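Asks: Whatever this is, show me its structure:
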Amino acid sequence: MKIHNTDIVKSDLVHIDKCTGYIFWVEKSEWLHIWLGVEDRSGWMKRSEGRSGWVERSEGLNVWLGGEDWRAMHQGVISTRVGYTGGTTVNPTYRNIGDHAETVDIEFDPHRITYEDLLNLFWKSHDPTSFYRTQYMSAIFYHDEEQRVVAEKTKSEHQQGKVRPIVTKIALAGPFYEAEDYHQKYKLRQHPELLRKLALDERQLIRSKVAAKLNGYMGGSGSLEDFEKDKQELDLKHEVVKYVENQLRKTYKD
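Replies: Next up is the predicted model:
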């Protein structure tokens, strides 16, 4: 099922985001968002107004390029996009990010991966005991008491066995600002021939499940064996399948 901000009214799908600081926030409602953030694999989640049945999570990474691609490879992830969140600066940009963190927004299916699962991935994907400037901070922003409790619970669990205290911030969250187009699906954009075969416009490229998955494969986050399983579900054109398979053979041959 294709997911777009404008065409979902009832859905079982959820959204996830990534950023360079960890942040999670989920409002108690039919529609939820989650954000996280941290050093190399952070994220945030936030609630979507007026919709039902899905959740968004944003994660922060100190390098977007290594975040949006591999995050999309987790089972249950529907789509990804990068952006800015967590601060007060209005309409931040890459050159003027203000007090926001770079984030990756991930759309996911809660029947295949849960909110707690995502939090556990968040904790394991970085060192939450290290301090980083706001752009790369580790944080979790919640939208209701239930989400706060889950965040605190998983934090406590992951504190066990660590010598230094976890410094991840757990607090309420704010708006998500989509990053410039040229930041979106960066690894996929390095393959203009594949982009032409996909024939997606900029909006579709940002929100498409196909683009998210192929961005992951082009970033080296999936094997040929993985692609054999994914290509049927993605319903790809023959010429796209051949291109991706050839690229993966080259990658793993090298």
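Asks: Quickly note the distance from D226 to R164.
Replies: 35 Å (C-beta to C-beta, to the nearest Å). All C-beta atoms are positioned from the backbone trio N, CA, C, and that covers glycine.
Asks: In terms of packing, which of these two has more residues around it?
Replies: For D226 and R164, the more surrounded residue by other C-beta atoms under 10 Å is D226, and the numbers stand at 15 against 10.
Asks: Just to be sure, that one is in a helix?
Replies: Yes - assessed by DSSP: H, G, I helix; E, B strand; the rest coil, D226 belongs to a helix.
Asks: from memory it sits against M73, does it?
Replies: Yes - at 7.3 Å, D226 counts as touching M73 under the criterion of C-beta atoms under 8 Å.
Asks: For these two, list the residues in contact with both.
Replies: Common contact partners of D226 and M73 (C-beta atoms under 8 Å, 6 or more residues apart in numbering): Y217.
Asks: the helices in the stretch 51-200 of the chain, which residues?
Replies: For the stretch 51-200 of the chain, the helices defined by DSSP state H, counting those that start in this stretch occupy 68-71, 115-124, 145-159, 186-189, 192-198.
Asks: could I get the ones you listed as JSON lines with mean neighbour count?
Replies: Output for the helices of the stretch 51-200 of the chain, formatted as JSON lines (neighbours: other C-beta atoms under 10 Å):
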{"stretch": "helix 68-71", "mean neighbour count": "27"}
{"stretch": "helix 115-124", "mean neighbour count": "20"}
{"stretch": "helix 145-159", "mean neighbour count": "16"}
{"stretch": "helix 186-189", "mean neighbour count": "20"}
{"stretch": "helix 192-198", "mean neighbour count": "14"}
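Asks: what about stretch 195-213, how long is it end to end?
Replies: Stretch 195-213 has its terminal residues 13 Å apart, counting by C-alpha to C-alpha, to the nearest Å.
Asks: Identify the residues contacting it?
Replies: Here stretch 195-213 makes contact (C-beta under 8 Å, 6+ apart) with 2-5, 68, 72-73, 77-81, 107, 178, 181, 184-185, 188-189, 214, 222, 230, 234, 236-237, 239-240, 243.
Asks: surely S130 meets I166?
Replies: No - under the criterion of C-beta under 8 Å, S130 makes no contact with I166, lying 9.7 Å away.
Asks: Quickly list what's touching both of those two.
Replies: In terms of C-beta under 8 Å, 6+ apart, S130 and I166 are both contacted by the residues S138.
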